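the following comprises the amino acid sequence and a computationally predicted model.
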There are 2 protein chains.
Amino acid sequence: MALEHLFQGSALNAVDGKGRVSIPAFLRGVIERRGDARTIVLAKHEAFPCLSAYDPAYAALKHAKLERLLEKEETSPDAELEYQQRNLMAFAATEEVPYDSSGRILMPPMMRRKGQIGEFALFLGTGETFQIWNPQLLLDDKRIPEDLKDIARFRLEERGGQ
Amino acid sequence: MALEHLFQGSALNAVDGKGRVSIPAFLRGVIERRGDARTIVLAKHEAFPCLSAYDPAYAALKHAKLERLLEKEETSPDAELEYQQRNLMAFAATEEVPYDSSGRILMPPMMRRKGQIGEFALFLGTGETFQIWNPQLLLDDKRIPEDLKDIARFRLEERGGQ
DNA sequence: TTAATTCCCATGAAAACCCATTGTATCCCG
DNA sequence: CGGGATACAATGGGTTTTCATGGGAATTAA
């Protein structure tokens, strides 16, 4: 799998009283270059206390990948079950939300809870996908490299200073 | 990984009041020969107090390399975490900035601080990538060869003399 | 009606764009 | 070989556009 357009960079945006958040323009650019949807798919991240996000085109790609995996290991008895589990996670446990003309989504309450997103959402590009964090949780996580925490701190300062 | 076009040479350019800097034309030439993007990727250098910069094509190459590494090292829990960390550093901790028709970028405030770039930016080609230094920090660094410092001094004089 | 959701418009700050100037290196022609 | 003309690079400044965000009106649901 070699995607042409990759998510990269960081931004800290506010979640307003109605639950709206702007998806940073540089991430929207990638989404719209990968496909023509103005939509993102949200899921709980597998390892970190944050959300994982991507475009519908990438979701389709991921599905195809799972299919191929199944066909290879079809002789194993566990393979079928594992496939079903992954498929459930990949589709049932996700939500697809469109963003409006100004680039905002309405963060679904369930995802907001899963990702423990409060007043601010920290967006982090990670290549094929991007992540959405409660900035404080990122600062508290021991597995996150210090250099990345510096970035989170900078984004918080940038905002607080004004 | 063998890139055909390599970054080389040095230049000292001014950062103006708006935070704009001209990317030296000889570096832009390499970027545009490697791919057709008029864009550079900025990151904090791992070892030196300066910025590391390259073109998006090089970033994609780096990403592909990481992907292959993951697939080889099975799915051990350690390998998975390490992959996540590297991915975060490679993409979230970098910024992609386009340069305009006159070859200037707007140096992002975060990178400007990370690289401690002040009024002047010293560009140094290093083959696959190039570096952007605060010239004074280069002169103060004990690890930098004296011959290279001479080049920095020359570039500074060149400018000061006028 | 009340509450919640979707649209639509307003605004301030920041970023992208456009045009002008200057200096320098290159080229061309006598 | 000189001298002017030319092209391009770096930089300054002003204008327009975009972005993130707030708030209200219109629409739908309960």
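Arrived safely, thanks for sending.

for chain A, name the helix or strand with the lowest mean pLDDT.
Across the helices and strands of chain A, mean pLDDT, DSSP states H and E gives its lowest value to helix A:77-91, namely a mean of 76.

contacts for the biggest helix by length in chain A, please.
Identified as the longest helix of chain A according to DSSP state H is helix A:56-72. The contact list for helix A:56-72 (CB atoms under 8 Å, 6 or more residues apart in numbering or on different chains) reads A:1, A:3, A:34-35, A:37, A:39, A:41, A:79-80, A:83, A:86-87, A:90-91, A:94, A:96, A:128-129. For the C-beta atoms, the positions are set from N, CA and C on the backbone; glycine is no exception.

what's the local residue count around the residue in chain A positioned nearest to DNA strand C?
Using CB to the nearest atom of the strand, the closest approach of chain A to DNA strand C is made by A:L106 at 4.8 Å. Neighbourhood size, A:L106 [other CB atoms under 10 Å in any protein chain shown]: 14.

over to A:E146?
By the criterion of other CB under 10 Å, A:E146 has 6 neighbours.

just the strands from chain A, written as ranges.
Shown for chain A, the strands assigned by DSSP state E span residues A:10-14, A:20-22, A:39-44, A:51-54, A:94-98, A:104-106, A:120-125, A:130-133.

within its sheet, name the partner strands of the last one and how each one runs.
Just to be clear, that refers to strand A:130-133. The pairing partners recorded for strand A:130-133 under DSSP bridges are strand A:51-54 (antiparallel), strand A:120-125 (antiparallel).

what's in contact with the first one?
Defining contact as CB under 8 Å, 6+ apart, one finds that strand A:51-54 is touched by A:7, A:40-46, A:111, A:114-115, A:117, A:128-133.

if we go to 10 Å?
A:7, A:23, A:27, A:30-31, A:34, A:40-46, A:61-62, A:94-95, A:97, A:105, A:107, A:111-112, A:114-117, A:121, A:123-124, A:126, A:128-134 (CB atoms under 10 Å, 6 or more residues apart in numbering or on different chains).

pull out the buried residues from those.
For the contacts of strand A:51-54, a neighbour count by 16 or more other CB atoms under 10 Å in any protein chain shown gives the buried set as A:7, A:23, A:27, A:30-31, A:34, A:40-45, A:62, A:94, A:105, A:107, A:111-112, A:114-115, A:117, A:121, A:123-124, A:126, A:128-134.
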